[in-house]
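*Asks:* coordinates only, sequence not included:
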Ligand code: NDP
């Protein structure tokens with residue numbers, strides 16, 4: 001049988017085992033050997049050094065946008081190969097539906113993170129965080145937080161249940177953050193991860209050194225890590241405990257993120273009756289989480305928390321639905337529940353069910369017997385779905401995680417009790433709250449939120465579009481407090497900045513402009529003969545400014561605007577009422593009139609490289625403009641973001657409208673699209 005290889009320091013490495021060496025990895029359905037695994041002789045120190053010396057610098061040469069474009073290409077490439085991945089995925093016990101969650105789900109996450117990278121990050125290597133802080137009276141000393149890439153390596157230790165998604169959801173954010181990855185899949189299903197990594201390396205899309213693969217034991221890997229390195233771990237609380245107490249985590253400054261066991265719940269609201277569609281949604285949710293990946297999901301619903309009066313109805317409905325789902329060979333079209341990942345894993349789940357039985361009775365399924373479709377339950381790790389119903393005061397359902405197709409129904413009498421029960425999981429990744437009552441939703445969600453990383457509120461209104469309880473999404477946080485590990489992954493740009501360092505920079509405006517690549521209020525403006533609206537994206541520079549002539553705002557202007565737009569609010573039209581308003585003391589110009597007049601002052605009207613104005617950000621009216629006040633505007637190029645997939649880019653302009661006293665009247669950012677070259681080259 002083939003020995004899985006590692007990809008280390010730019011080459012494929014085969015462990016120093018004899019012909020029969022390595023640990024056999026067995027097909028979950030047939031028990032046949034799929035591959036062997038060993039990392040014997042692998043130089044882990046060389047791998048980490050290579051990532052830091054080769055992969056990191058290569059990535060940090062690229063801007064966020066360039067990294068995002070590579071990820072997008074990677075997503076397309078993996079999509080073109082997905083049939084090959086699906087074929088091998090069957091051997092892990094995954095049905096076609098399970099494989100979609102892992103493979104398409106993983107690729108979708110790559111696209112999602114890439115899209116965040118191009119839309120929300122600058123075409124630069126430094127990311128500005130939040131607003132400016134004025135630290136001195138004159139405005140010559142400011143504070144600005146920025147994020148920069150850590151010059152270390154991101155070690156990613158994954159669980160067996162998602163050999164593709166688990167890798168990609170950790171790799172993509174690290175890649176955009178500019179940090180090279182060493183991927184360590186769980187041995188049990190590492191053959192699928194190895195195949196995907198092999199195809200990625202063959203594609204040549206990723207700069208060398210940005211992705212390495214460790215097939216086999218990770219023992220000793222943390223010894224090689226230092227202060228700029230990080231470990232993202234998904235797996236058991238036991239292993240998490242070992243990693244947490246590693247000396248390099250405790251004393252060496254290595255960052256550790258943990259996503260471990262989680263006893264997620266779904267709460268059925270007290271408002272839901274047997275006739276409401278929410279009952280069906282609740283039941284479908286629980287059954288989906290018991291059966292997808294045969295319940296081997298960190299997000300699966302282990303505890304179904306229902307009003308005591310509804311317990312019989314819920315149990316009957318879940319049992320009826322489970323009865324329609326066949327356990328069997330994942331390759332068979334009628335199979336809905338595949339085998340667990342291994343016979344050992346099945347034993348673990350059986351033991352967990354045994355513990356649960358001390359305070360709960362089985363109401364559906366038999367852990368020791370199952371009718372298998374096109375398979376053999378001696379050789380394959382097949383297990384019937386098992387539903388339990390707990391007695392009041394049961395302890396085990398809040399402590400024991402059966403990592404398989406198992407869930408326990410618990411009952412409550414009051415909303416407070418439901419929240420207390422959920423919290424007894426000691427912190428979870430996700431909860432569902434199924435209710436159509438807004439007040440119930442608010443009390444349960446606010447009670448559950450401190451204990452959860454994500455909450456799905458499900459009812460008839462969002463069910464059709466809902467992505468479901470069990471799907472972590474690239475734009476939303478994945479992780480949970482307490483027992484769930486306390487870590488956070490994904491969550492859009494947040495998942496990227498987890499790999500970066502935030503630093504508060506204190507400096508003058510000009511220095512901040514130079515450091516951040518973004519014009520900072522108070523720094524130099526450059527006024528030239530050529531109007532900036534005549535410059536293409538290539539010619540525009542940060543700081544290029546239009547300093548307009550001034551214009552008087554007359555009562556006729558204000559009357560005309562009121563009449564024309566229909567905005568006859570008293571402050572613009574009724575002298576007496578306006579005088580009585582202590583903020584104005586008389587007629588004032590409409591804020592939108594000021595902004596419109598400002599556009600008239602700064603615009604260059606002829607066709608040119610400025611293609612469109614697509615909005616304004618952060619509009620504030622700071623000083624009222626009274627009748628006959630003079631206003632002028634300064635418009636300065638603040639940020640230039642070329643789009644790599646278009647012949648134009650975005651230009652953000654700082655707009656400051658002032659009155660005759662030089663006081664700011666309005667401030668905002670004008671957002672435009674500007675052609676990369678002008679005149680446009682003929683299509
Ligand atoms: P483990 O914690 O045993 O393994 C998870 C990962 O850690 C694997 O890649 C494993 O590699 C690696 N690992 C094991 N020991 C070490 C070590 N000393 N140093 C560094 N890495 C190590 O979890 P399993 O995947 O075996 O799953 C066991 C249980 O974990 C499940 O039954 C379930 O309860 C829970 N689990 C929770 C998940 C969650 O997201 N909440 C997901 C998956 C599992 P190797 O495989 O080579 O040993």
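*Replies:* Happy to help now that I have it. All values reported here derive from a predicted model rather than from experimental measurement.
*Asks:* gap between residue 651 and the ligand?
*Replies:* According to Cβ to the nearest ligand atom, to the nearest Å, residue 651 stands 44 Å off from the ligand. C-betas here are computed from N, CA, C, even on glycine.
*Asks:* Over to that residue: give its phi and psi.
*Replies:* In terms of degrees, to the nearest 10, the main-chain angles of residue 651 are phi -120, psi 130.
*Asks:* That one - how many residues pack around it?
*Replies:* For residue 651, the count of nearby residues is 25 (other Cβ atoms under 10 Å).
*Asks:* who's in contact with it?
*Replies:* With contacts defined as Cβ atoms under 8 Å, 6 or more residues apart in numbering, the neighbours of residue 651 are 537, 540, 610, 637, 639-641, 671-674.
*Asks:* Would you tell me which residues of this structure are close to the ligand?
*Replies:* 157-161, 184, 186-188, 217-219, 234-236, 239, 242, 259-262, 298, 348, 401, 403 (Cβ under 6 Å from any ligand atom).
*Asks:* what about 5 Å?
*Replies:* Residues of the chain found near the ligand (Cβ under 5 Å from any ligand atom) are 157, 159-161, 186-187, 218, 234-236, 239, 242, 298, 401, 403.
*Asks:* list the contacts for the residue of the stretch 251-400 of the chain found nearest the ligand?
*Replies:* As assessed by Cβ to the nearest ligand atom, the ligand sits closest to residue 298 within the stretch 251-400 of the chain, at 2.6 Å. Contacts for residue 298 (Cβ under 8 Å, 6+ apart) come out as 159, 161, 234, 259, 261-262, 429.
*Asks:* Equivalent analysis for residue 296, please.
*Replies:* Each residue near residue 296 by Cβ under 8 Å, 6+ apart is listed here: 160-161, 340-341, 345, 403-404.
*Asks:* Quick check: which element contains the closest residue to residue 273 other than its chain neighbours?
*Replies:* Counting by Cβ to Cβ, 6 or more residues apart in numbering, residue 273 lies nearest to residue 279, which is 7.3 Å off, once chain neighbours are set aside. Taking DSSP states H and E as the criterion, residue 279 maps to helix 277-291.
*Asks:* Mind listing residues that contact that helix?
*Replies:* So helix 277-291 is contacted by 264, 266, 268-269, 272-273, 295, 297, 299-301, 304, 306, 310, 313-314, 317-318, 321-322, 325, 336-337, 385, 387, 405-407, 432, 434-436, 458-460, 463, 468-470 (Cβ under 8 Å, 6+ apart).
*Asks:* I'd like the contacts of residue 298 laid out as TSV, including pLDDT, secondary structure and neighbour count.
*Replies:* Rendered in TSV, the data for the contacts of residue 298 read as follows (pLDDT from 0 to 100; DSSP: H, G, I helix; E, B strand; the rest coil; neighbours: other Cβ atoms under 10 Å):
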residue	pLDDT	secondary structure	neighbour count
159	96	coil	23
161	95	coil	29
234	95	strand	27
259	93	strand	27
261	84	coil	22
262	92	coil	27
429	96	strand	29
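*Asks:* Strands of the stretch 351-500 of the chain, start to end?
*Replies:* 360-364, 372-373, 386-390, 406-412, 428-434, 452-458, 477-478, 489-490, 500-507 (DSSP state E, counting those that start in this stretch).
*Asks:* So what are the sheet partners of the one helix or strand residue 668 maps to and their directions?
*Replies:* Here residue 668, judged by DSSP H and E, is contained in strand 664-675. Strands that pair with strand 664-675, judged by DSSP bridges, come out as strand 610-621 (antiparallel), strand 648-659 (antiparallel).
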